[in-house]
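[1] just to be clear, the model below is a prediction. Sequence and coordinates:
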Amino acid sequence: MNILVTGGTGYIGSHTCVELLNSGHSVIIADNLSNSRIEVISRIKQITGRQIFFYQVDVTDEEAVNSIFSSNRIDGVIHFAGYKSVTESVIKPLEYYFNNIVSTMVLIKLCLNYKVNKFVFSSSATVYGENKVPFVEDMELLPPKNPYGHTKVINEKILTDVAKANPDFSVAILRYFNPIGAHESGLIGESPIGIPNNLMPYITQVAKGKLDKLKIYGNDYPTIDGTGVRDYIHVVDLAKGHVAALEKLKKGVNIYNLGTGKGTSVLQLVHAFEEANHIKIPYEFVARRPGDIAECYADVSRAKRELGWSAERDIIQMCKDAWRFEKNNS
């Protein structure tokens, strides 16, 4: 299939492009490079030995995206092009609502116009709000504590309503947990612009000496050690989940958790990184961040049952791969 991947030079998008290409699909990337780097394109080619097409466009620009649809035969869309920081969304809610929702509406409209009936959406575990863990796909969603989470809930609702109104339009909604790690080649990984919002690149930048110490937001949560608990998944496993969801896409709306089903605290992850890479990570506890919850991990039985997919790489492998990428890249 020819797959349009929006946000395809980003962290999860780039790894998914690699897995799509390795599975025999063709890839067209649309990305405005607001939080990624152009050299990712050549690195994807280096890893796969395959050609890809790249358009530097903002996916909220309907005219620009229409030109991609009109110039290419597209069989499906995987939509990653969204802002993703919980903390930043609290500070910049308008930017998050505009970018994350308008981009989705533009893509859906063009998919319907061009009869592209496969749509895979990058959602998030934040849609569950403060539900009881583990999170299960059919539980009632509680209001998220941040605008980022609200944009995901709204997008899920839009996709669900469109699929009901257009029976040929098939949707996979993938609720991510916490992707970390990098490709084993060390060529692509998480490389945010500016100070990282996500935990693992913050750890690796401390390990490399770019940052003095890790700030751990809150040590008074009702968890095993007082720090937040998350379901960390290797980004390559997550990418493979997208390929499985695309290839096994059924009619209607299909919702899957993509995680490991295990919770790991921030301190446990720090200690795993130290063990995996024999590096000490200095840290300090600071106040909780607005919008964060205490625990978040998945029930992943549906993805295993319906997609034949499950995460394979453990925390130590995630830490080793993340550090290899950081060491190989400035």
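    It's in.
[2] all strands of the stretch 201-330 of the chain, in order?
    Ranges of strands within the stretch 201-330 of the chain are 214-217, 229-230, 232-234, 253-258, 264-265, 283-286, 295-296, based on DSSP state E, counting those that start in this stretch.
[3] relative to residue 113, which of those strands is closest?
    strand 253-258 (20.2 Å; Cβ to Cβ). For glycine as for every other residue, the C-beta is placed from the backbone atoms N, C-alpha and C.
[4] which residues does residue 163 contact?
    Contacts for residue 163 (Cβ atoms under 8 Å, 6 or more residues apart in numbering) come out as 169, 170, 171, 252, 253.
[5] torsion angles phi and psi at it?
    phi -60, psi -40 (degrees, to the nearest 10).
[6] where in the protein is pLDDT low?
    By pLDDT under 70, the weakly predicted segments of the chain are 330.
[7] give the burial count for residue 261, as a bare number.
    Residues lying near residue 261 (other Cβ atoms under 10 Å) number 18.
[8] next one: it from residue 200, what distance?
    Distance, residue 261 to residue 200, by Cβ to Cβ, to the nearest Å: 19 Å.
[9] swap in residue 140?
    For residue 140 relative to residue 200 (Cβ to Cβ), the value is 31 Å.
[10] comparing these two, which residue is more hemmed in?
    Under the criterion of other Cβ under 10 Å, the comparison of residue 140 against residue 200 puts residue 200 first, with 26 against 7.
[11] who's in contact with that one?
    By Cβ under 8 Å, 6+ apart, the contact set of residue 200 is 180, 181, 190, 232, 269, 318, 322.
[12] so which of these belong to helices?
    Counted as lying in helices by DSSP state H, out of those, are 269, 318, 322.
[13] contacting residues for the residue nearest to the second one when sequence neighbours are not counted?
    Here the nearest residue to residue 318 in space, its sequence neighbours aside, is residue 181; by Cβ to Cβ, 6 or more residues apart in numbering that works out to 3.9 Å. With contacts defined as Cβ under 8 Å, 6+ apart, residue 181 is in contact with 189, 200, 234, 235, 236, 313, 317, 318, 319, 321, 322.
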